[in-house]
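Novice: Everything below, folded, please.
(3 chains)
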Amino acid sequence: MDRRTFVKSSSAMAGLAAFGAFTPVRAQGTGPIRIGLLTPLTGVVASGGKEIAEGFNLYWEQVGKKIGNRPVEIFVEDDGSNPDIALQKARKLTEQTKVDFLVGDLLANTGLAVAEYAKGNGIPYFIPVIAADDLTQRKRIPNVIRVAGYSASQMPRPLADYAYKKMGLRKVVTISQDYTFGHEQCGGFAQVFTDLGGTIVAQHWHPLNTQDFSPYIAQIQSAAPDGVFAMETGADATRFIQQWTNFGLKGKMKLLGAMNATDQSVIRTLGAEAEGIISAAHFAEGSDAPATKKFVADYEAAYKKLPSIYGFSHYSAAMWLAVAINGIGGHIEDRPRFLDAVRKTVLANSPLGKQVRLDDYGNPIYDIYIRDVVKRPQGGYWNKPIETYPNVSQFWTYKVDEYLKQPPYSRTFQGIKKS
Amino acid sequence: MTAATGADGLAVTASPRAHRRVGWTALVLAALALVPFVLPGYFTSLATLMLIYALLAMSVDLLAGYAGRTSLCHGAIFGTATYVVMYMTTTAGGNPWLAALLGLVAAILVGAAFAALAVRTTGVYFLLLTLALGMVVWGICQRWTSVSGGENGLRGVSRPALLADPSVFYWFVLAVGVVATLAMWRLVCSPFGLALKGIRESESRMRSVGYHTTWHLFLGFVFSAAMAGLAGVLYAWFNSFVSPSTVALAQSVKGLLMVIVGGVGTLFGGIVGSVLIIVLENVASSFTERWSMVLGALFVLTMIFAPEGIVGKLRSHVARRASP
Amino acid sequence: MSLLQFLNGLTFAALLFLVASGFTLIFGLMRIVNLAHGAMYLMGGYVAYAAASASGSFLLGLSAAVLAVAALGLVEQGLLRFVGGNELRQVLLTLGLALMLNDAALVLFGGDTFSVPMPAALQGAASFLGLFYPRYRLFVLAAGLLVLVALWLVMHHTRLGALIRAGVDDAETVQAMGIDIRKVFVATFMLGMALAGIAGALGGAFLSLYPTADSEILVYSLAVVIIGGRGSLAGAVVGSLAVAMLSTYGQVFFPELSYFVIFGPMALLLAFRPLGLFGRTT
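Specialist: This next block holds a predicted model:
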């Protein structure tokens, strides 16, 4: 037993001591600005995760990796598409690497886990992609800000409005991945659509990573609605769109997609199957706005592909943070001042070509495009704006107090108006 | 455990060797207790995590090493306790100590249910059955959104206010770990533990000698589930967060890898394995994104070159040197 | 609607049969639960995607997949020899390999979701009996039947097949009779890998390829083999049908229970009838 415990203790000591080598000395006010970027580089959303890093780094490279006279150091950690790992890495970045603030994460549960950690720790955490409604509504955390991000239910509302008023749809079936992000998007859509007088005929919820959509497509065919709203992301989106086409529904029934379903990360590996899907988002890579065209060109030159929402959001977030930090002369150690600057920043040079600001609850207000997937002259497909809804906040046209009184969207509460 | 033997072949306990053993243990414990002073902040939290996973690994070893049943469900049992604690402290708003007790009970109940189904299978089938059972738990946690929070999981402070300070929490986990390790050690050295080893060697022989092997395996499984559950409770207090990934197959695989690398059937191998894997995880991520590749390679290389693990290899090395 | 759902289940069963047949052969003969089988499927799919996209030929993609996976299988086979004899160690080694292959695929192909390009003739829907059904899925069904017939012929009308069947029953006796069981093992392993490659290429066109597809298909394969029984072709057929139908109809009628519909029966069978419906004791 003596040798065993010796091995145990010495390996423990050696292991822990090895970390001594990695503890950096914390700079005070003039040293580099240390940013911790958490992103899923492995796991099911690995491609989106890689684009988060790419978009973020692109901005810093364009400005020479510094803000004012302080150089910027970025520490990228893989959250593995897994909240337990995300927490571990957040701890590592905050307590060992001693970054000044955290940015990133893709999957909602990783973001929520890190937000909880940030709540207890006080470190600023910026979430350009984590769209969980409540983080800027009922469960706001002061040091968690949705810089250059969006909330899940914000985007589908103009789409529902467009579908009812301009496309003349009256009966819609929704199909969605069965988790909060899906519930919130569908809820946003359903509430507006039914308020206008439309009917949600049926709602299908399927587990993440559903291989086979044929059972749902069969049910949709027999329900015969005017249109379908599909809230899908990643591989599910790819499969759904392909199977939709292969079962002969393309062209026969209108397909509306959540912004994630027609995002470049999905359609760049698809062909004509994606053509004609209508979606709504603040970002459309086919937009003619000069700022957007420039951004898309830069991104394509650097990474040989069109930017997705992940790359775009983190590029904008980097820009936002740079503007905020410049505004306070680089003094980010004064956290309240830093957070306040971030909240008050109005992004003038956003790749959207429009000014972006946060509402009082920490979520950006955008002009939202209704987008159509069309063929690009140079090959491939992209989202082109066909209509714009200006100044859409996370609360749509609702009065904030009344809106916050209704429960958060879930499978059981979809905001459907009872007729 | 090689006790000294007297001339008549009977074990003699009061020997200089035994004293040395106690001395070493005390030294090690003292060193571990000093961690928050010597390596504060992040390293203390890392050490806490190592202790928690060491408990999980040892619980796996109880079955894998001593009863010869390799399982892939202990991660699910671990996570079940975590879920119960998180639910009781956040959604149900209860007392954290009561929540911990309930978490432990839940782990034992789940372990008993699994054991009832699994004790009659062996080898690869036992592995696959526990895998399937673990997946059932994962499926429940993913789909029972009203209770488990679905994909988003449950979050909120679940640690008792008494243990809020990271150093205090570390000492608490250390104390619990020491007591649990002692309990497991006593178990494997007891007649019950020896019976388990006998079952590993040859179940039919044990049965022919009159042992009720099914009952032994069942109890052994339940005890190991209790240990895994204990680790799960501590994990809830450590993380203040739980999601389906906590009960996923990957968690069981991690625990199993720790046992294998450390040494199956050595109990303390679980501790060594836990430290090694967590250190590797942390260090590797600073240099490479390819942690999965490293982990996989570790599995493969260990199976080929050192299937008995680090501690196992050391033991045989020591034994070889001791023999004339 | 019922015919549509039935066809969905049937075509999915065909794909599962393709994946699981290789798995069950290896499990049955060599007693190895090859947890890297899913990763082989994924690699095969990716290779088929790359080859078919580059050359424009689906057939070329298919062939490339088979060759690539067979080559990987040869390597795996070699590694497994080091831990020969100990079933559990072999299983864990394959688990390690699965992790490595999965990460290698991420490095080589990235995390985007890819689909093997379907030949033009198989795209779109066929119209019959009043419904539209994807041509490609019918093709997969046909392919599954073809492979089933081919495998049956191999197993019952060739020497290799006889040796495999004998080996599944009792490998030691086969060896005692002077047959080099090692060669039979290698041949079986290659066959299993080839089947995985074919499955990856075919499945990659309608189920798509992405980083966690390997563990998903592995889980299905495990269920098929557990339910059907190892080493049995009939078992693989019955198991595939059971799992596919349970999955398809479960999605329609019990969407809440998605995984239990498969893992429940699997766990129960393992607990009470570990050999599955068609497996045999040694």
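
Novice: Give me the three-state assignment for A:Pro385.
Specialist: strand (DSSP: H, G, I helix; E, B strand; the rest coil).

Novice: How about the contacts made by the residue in the stretch 101-250 of chain B positioned nearest to chain C?
Specialist: Nearest residue of the stretch 101-250 of chain B to chain C (CB to the nearest CB) works out as B:Gly139 at 3.4 Å. For every residue, glycine as well, the C-beta is placed using N, CA and C. Counting by CB atoms under 8 Å, 6 or more residues apart in numbering or on different chains, B:Gly139 makes contact with C:Leu257, C:Ser258, C:Tyr259, C:Phe260, C:Phe263.

Novice: by contact count, what packs against the helix or strand where C:Trp152 lies?
Specialist: For C:Trp152, the element it lies in under DSSP states H and E is helix C:135-157. If you count contacts as 3 or more CB pairs under 8 Å, 6 or more residues apart in numbering or on different chains; DSSP states H and E, helix C:135-157 packs onto helix A:234-246, helix C:2-30, strand C:125-128, helix C:159-176, helix C:181-206, helix C:233-253.

Novice: Strands of the stretch 1-150 of chain B, start to end?
Specialist: Assigned by DSSP state E, counting those that start in this stretch, the stretch 1-150 of chain B shows strands spanning B:4-5, B:11-12.

Novice: cool, chain A as well?
Specialist: Taking DSSP state E, the strands of chain A run over residues A:33-39, A:66-67, A:70-78, A:101-104, A:125-126, A:144-145, A:171-177, A:199-206, A:227-231, A:254-257, A:278-281, A:357-358, A:364-375, A:381-392.

Novice: burial of whatever residue of chain A ends up closest to chain C, as a residue count?
Specialist: Among the residues of chain A, A:Ala46 lies closest to chain C, at 3.0 Å counting by CB to the nearest CB. Residues lying near A:Ala46 (other CB atoms under 10 Å in any protein chain shown) number 25.

Novice: For it, which non-adjacent residue is closest in space?
Specialist: Nearest residue to A:Ala46 in three dimensions, chain neighbours excluded: C:Gly111, at 3.0 Å (CB to CB, 6 or more residues apart in numbering or on different chains).

Novice: quick one: the one you found and A:Gly49 touch, right?
Specialist: Yes. Assessed by CB atoms under 8 Å, C:Gly111 is found in contact with A:Gly49 at 7.2 Å.

Novice: Those two - which one has more neighbours?
Specialist: More crowded of C:Gly111 and A:Gly49, by other CB under 10 Å: A:Gly49, with 29 against 26.

Novice: residues in contact with the more buried one?
Specialist: For A:Gly49, the contact set (CB under 8 Å, 6+ apart) comprises A:Thr39, A:Pro40, A:Leu41, A:Thr42, A:Gly43, A:Asp78, A:Asp79, A:Ser81, A:Leu106, A:Tyr310, C:Gly111.

Novice: Redo those residues as TSV? Include pLDDT.
Specialist: Formatted as TSV, the contacts of A:Gly49 follow (pLDDT from 0 to 100):
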residue	pLDDT
A:Thr39	95
A:Pro40	94
A:Leu41	91
A:Thr42	88
A:Gly43	84
A:Asp78	92
A:Asp79	91
A:Ser81	88
A:Leu106	93
A:Tyr310	93
C:Gly111	84
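
Novice: So which of the residues you listed are in helices?
Specialist: In this view, these that belong to helices under DSSP state H are A:Tyr310.

Novice: Out of the contacts of A:Gly49, which end up buried?
Specialist: A:Thr39, A:Pro40, A:Leu41, A:Thr42, A:Gly43, A:Asp78, A:Asp79, A:Ser81, A:Leu106, A:Tyr310, C:Gly111 (16 or more other CB atoms under 10 Å in any protein chain shown).

Novice: In space, what's closest to the fifth one - neighbours in sequence excluded?
Specialist: Among residues not flanking A:Gly43 along the chain, A:Ser81 sits closest, at 2.8 Å (CB to CB, 6+ apart).

Novice: and if you look at the second one?
Specialist: The shortest distance from A:Pro40 to any residue other than its chain neighbours is 3.5 Å, reached at A:Gly49 (CB to CB, 6+ apart).

Novice: center of the chain - which residue?
Specialist: With no chain named, the answer covers chain A. The centroid of chain A falls nearest to A:Val129 when counting by CA atoms, centre = their mean (2.5 Å).

Novice: right idea, wrong chain: chain B
Specialist: Closest residue to the average C-alpha location of chain B: B:Leu56 at 2.1 Å, with CA atoms, centre = their mean.

Novice: what sits against it?
Specialist: B:His74, B:Gly75, B:Phe78, B:Met227, B:Ala228, B:Ala231, B:Gly232, B:Gly255, B:Met258, B:Gly270, B:Ser274 are the contacts of B:Leu56 under CB under 8 Å, 6+ apart.

Novice: so where's chain A shaky on pLDDT?
Specialist: A:1-29, A:419 (pLDDT under 70).

Novice: Spell out which residues of the stretch 101-250 of chain C are next to chain A.
Specialist: C:103, C:106, C:110-115, C:123-125, C:132-137, C:206-208, C:210-213, C:216, C:247-249 (CB under 8 Å from any CB of the partner chain).

Novice: Pull stretch A:335-346 out as PDB, backbone CA atoms only.
Specialist: What follows is stretch A:335-346, C-alpha atoms only, in PDB (Å, rounded to 0.1, in the frame of the first residue of the first chain):
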ATOM      1  CA  ARG A 335     -15.800  46.200 -15.100                       C
ATOM      2  CA  PRO A 336     -19.000  48.300 -14.400                       C
ATOM      3  CA  ARG A 337     -17.600  51.000 -16.700                       C
ATOM      4  CA  PHE A 338     -16.700  48.400 -19.400                       C
ATOM      5  CA  LEU A 339     -20.100  46.700 -19.300                       C
ATOM      6  CA  ASP A 340     -21.900  50.100 -19.400                       C
ATOM      7  CA  ALA A 341     -19.900  51.100 -22.500                       C
ATOM      8  CA  VAL A 342     -20.800  47.800 -24.200                       C
ATOM      9  CA  ARG A 343     -24.500  48.400 -23.500                       C
ATOM     10  CA  LYS A 344     -24.400  51.900 -24.700                       C
ATOM     11  CA  THR A 345     -22.400  51.300 -27.900                       C
ATOM     12  CA  VAL A 346     -24.100  52.100 -31.100                       C
END
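
Novice: how distant is that stretch from the center of its chain?
Specialist: Offset of stretch A:335-346 from its chain centre (CA atoms, centre = their mean, to the nearest Å): 21 Å.

Novice: List the contacts of that stretch.
Specialist: For stretch A:335-346, the external contacting residues (CB under 8 Å, 6+ apart) are A:101, A:122, A:124, A:126, A:142-143, A:145, A:147, A:320-321, A:323-325, A:327-328, A:331-332, A:355-358, A:362.

Novice: do the same with stretch C:143-155
Specialist: Outside stretch C:143-155, the residues touching it (CB under 8 Å, 6+ apart) are C:13-15, C:17-18, C:21, C:160-162, C:164-165, C:191, C:195, C:198, C:202, C:233, C:237.

Novice: one step back: quick check, the residue nearest to the centre of chain A in contact with A:Ser313.
Specialist: Yes. With contact defined as CB under 8 Å, A:Val129 and A:Ser313 form a contacting pair (5.3 Å).

Novice: Now do the helix holding C:Trp152 and helix C:181-206, the angle between them.
Specialist: Relative orientation of helix C:135-157 and helix C:181-206, computed by axes from the mean of the first three to the mean of the last three CA atoms, to 10 degrees: 170 degrees.

Novice: Quick one: work out the angle between helix C:135-157 and helix C:233-253.
Specialist: With the same axes, to 10 degrees as the basis, helix C:135-157 and helix C:233-253 are set at 160 degrees to each other.

Novice: Would you mark the buried spots in helix C:135-157?
Specialist: C:135-141, C:143-144, C:147-148, C:151, C:154-155.

Novice: and if you look at stretch A:208-216?
Specialist: Buried residues in stretch A:208-216, defined by neighbour count with 16+ other CB under 10 Å: A:Leu208, A:Asn209, A:Thr210, A:Gln211, A:Asp212, A:Phe213, A:Ser214, A:Pro215, A:Tyr216.

Novice: And stretch B:314-324, by the same measure?
Specialist: Quick answer for stretch B:314-324 (16+ other CB under 10 Å): B:Leu314, B:Arg315.

Novice: Cool, thanks, signing off.
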